[in-house]
Structure formats: C-alpha cells, structure tokens
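K.L.:
Sequence and predicted structure below; questions after.
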Amino acid sequence: MNPLILLPGASVLMIVTLELPREIKKVFFKIPIWASSSAIALIVGTVCRGVLGPMTGFTTELLLWPGLAAAKKAFEVQEKRRQKKGGKNGT
C-alpha cells in the first residue's frame, strides 16, 4: 500500500478541524458525519483516482469518519465551554 493515498484525506481532515472558522463549523457539523465524510470521500476519490489509484476514496473515508466524529465532539465541548464562560456574542 502506498502511504501517499492517506495524504488527501488527512489534508481534508486538517482543513476541517483546524482551519475552518467557528461559524462555518457550526453549519458543517449540523450535517450527519456519515453523510459529510462520504460526500468528501467521493469527491476526493474521484479527483485523486488518476494520480493515486482507486483506493484513495476508501482510505479518505476511513480517515474522515472517526476524525470528523472526534472533531465534532471536541467542537461541541469547546462550544459548551464558550457558552458557559462568555457572554452573548461568544467571544
């Protein structure tokens, strides 16, 4: 197995968990994890198939499902802390 097929899925996971603004994460995490990870894996698998092979979509799905579930849980905990700590605007 070529370890490079993990790179597109890991990149998407890092963008979603670390780079997206909080307001966009609120909207993104309203979508069920299975649906969002499958849609992203389908897109990544289609785009990267010619370069890295057909297993890219499958490995992206295997990375995104638990990764997005953990990111959603961490985001929910952060939001609860923010609401408990902060005022109306959440800063």
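P.N.:
Arrived safely.

K.L.:
pull the longest helix from this protein.
P.N.:
With DSSP state H applied, the helix covering the greatest number of residues in the chain is identified as helix 55-85.

K.L.:
And that helix, how far out from the chain middle?
P.N.:
Centroid separation between helix 55-85 and its chain, computed with C-alpha atoms, centre = their mean, to the nearest Å, is 6 Å.

K.L.:
What helices and strands are in contact with the one helix or strand in the chain whose mean pLDDT sits lowest?
P.N.:
Each helix and strand of the chain was given a mean pLDDT (mean pLDDT, DSSP states H and E); the minimum falls on helix 33-52 at a mean of 87. With contacts defined as 3 or more C-beta pairs under 8 Å, 6 or more residues apart in numbering; DSSP states H and E, the packing partners of helix 33-52 are helix 7-14, helix 55-85. Where C-beta positions appear, they are placed from N, C-alpha and C, glycine not excepted.

K.L.:
just the CA coordinates of that helix, formatted as CSV?
P.N.:
What follows is helix 33-52, C-alpha atoms only, in CSV (Å, rounded to 0.1, in the frame of the first residue of the first chain):
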residue,chain,number,x,y,z
ILE,A,33,-20.9,12.8,10.0
TRP,A,34,-21.6,9.7,7.7
ALA,A,35,-23.1,12.0,5.0
SER,A,36,-20.4,14.6,5.0
SER,A,37,-17.5,12.1,5.2
SER,A,38,-19.0,10.1,2.4
ALA,A,39,-19.5,13.1,0.2
ILE,A,40,-16.0,14.4,0.8
ALA,A,41,-14.5,10.9,0.2
LEU,A,42,-16.5,10.6,-3.1
ILE,A,43,-15.1,13.9,-4.3
VAL,A,44,-11.5,13.1,-3.2
GLY,A,45,-11.7,9.6,-4.6
THR,A,46,-12.9,10.9,-8.0
VAL,A,47,-10.4,13.7,-8.2
CYS,A,48,-7.3,11.8,-7.0
ARG,A,49,-8.1,8.5,-8.7
GLY,A,50,-5.9,9.1,-11.7
VAL,A,51,-2.9,10.1,-9.6
LEU,A,52,-3.0,7.8,-6.6
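
K.L.:
and the angle from that helix to helix 7-14?
P.N.:
140 degrees (axes from the mean of the first three to the mean of the last three C-alpha atoms, to 10 degrees).
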